[in-house]
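Chemist: Pasting the sequence and the predicted coordinates here, then a few questions.
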Amino acid sequence: NAGVTQTPKFRILKIGQSMTLQCTQDMNHNYMYWYRQDPGMGLKLIYYSVGAGITDKGEVPNGYNVSRSTTEDFPLRLELAAPSQTSVYFCASSHRDRSYNEQFFGPGTRLTVL
Amino acid sequence: GQNIDQPTEMTATEGAIVQINCTYQTSGFNGLFWYQQHAGEAPTFLSYNVLDGLEEKGRFSSFLSRSKGYSYLLLKELQMKDSASYLCAGERSNDYKLSFGAGTTVTVRA
């Protein structure tokens, strides 16, 4: 199993550009999450999904959108990128039916908005 | 959120023991996770506590007191490779989402 994979690893955007961060998991997990991590700060939840076709907002959803058309894929869309969106983005997945909700993280996407 | 609080930095010598404390808001709490994150890498799971007491896994142990809203991660026989950030995360009882602390950066010196 590859686990959770994310693309791209690095990206530089200009203010106002848009992009999609890709996330795929091959563990048949029902739950998927997007976090951002700023220097010296904890992981902040952007959006999450409890299954295909179901998404919900986390703590910091403004400026982002998600979709979950399949169990495997959970892309994060940035519209009109702003410098405040410069961060490291982590996708994670978990299998809520297990005894506990251990989340498995992808390697991250390092995004800079200039 | 769970208002997770943990120290910013700790330094210890190779072979020593370090204890990382974490406090959280008990209202709406279900369980407590510890993750390890090396610089530039993704967090990886270390432990999960839902009952009071100590859980031991090799050199790492984690403790939880539900009534006090307190947990700690104990790292024994420190090795250089243990230099990393350690994230405490509280799991909410209503939706099982995690609230992460800012992380404790542990530096192991020779």
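Modeler: Okay, I see it.

Chemist: Stretch A:34-50: which residues count as buried?
Modeler: A:34-37, A:42-49 (16 or more other Cβ atoms under 10 Å in any protein chain shown). No exception for glycine: its C-beta is placed from N, CA and C like everyone else's.

Chemist: Which residues of chain A lie near chain B?
Modeler: A:35, A:40-45, A:48, A:58-59, A:90, A:96, A:100-108 (Cβ under 8 Å from any Cβ of the partner chain).

Chemist: Can I get stretch B:13-20 in PDB, CA atoms only?
Modeler: Extracted C-alpha coordinates of stretch B:13-20, given in PDB (Å, rounded to 0.1, in the frame of the first residue of the first chain):
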ATOM      1  CA  THR B  13      21.000  14.500  26.600                       C
ATOM      2  CA  GLU B  14      21.300  11.200  24.700                       C
ATOM      3  CA  GLY B  15      20.400   8.300  27.000                       C
ATOM      4  CA  ALA B  16      18.300  10.500  29.300                       C
ATOM      5  CA  ILE B  17      14.500  10.600  29.900                       C
ATOM      6  CA  VAL B  18      12.200  13.400  28.900                       C
ATOM      7  CA  GLN B  19       8.600  14.000  29.900                       C
ATOM      8  CA  ILE B  20       6.300  16.100  27.700                       C
END
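
Chemist: Report whether it contacts chain A.
Modeler: No. Under the criterion of Cβ under 8 Å from any Cβ, chain A is not reached by stretch B:13-20; the shortest gap measures 14.2 Å.
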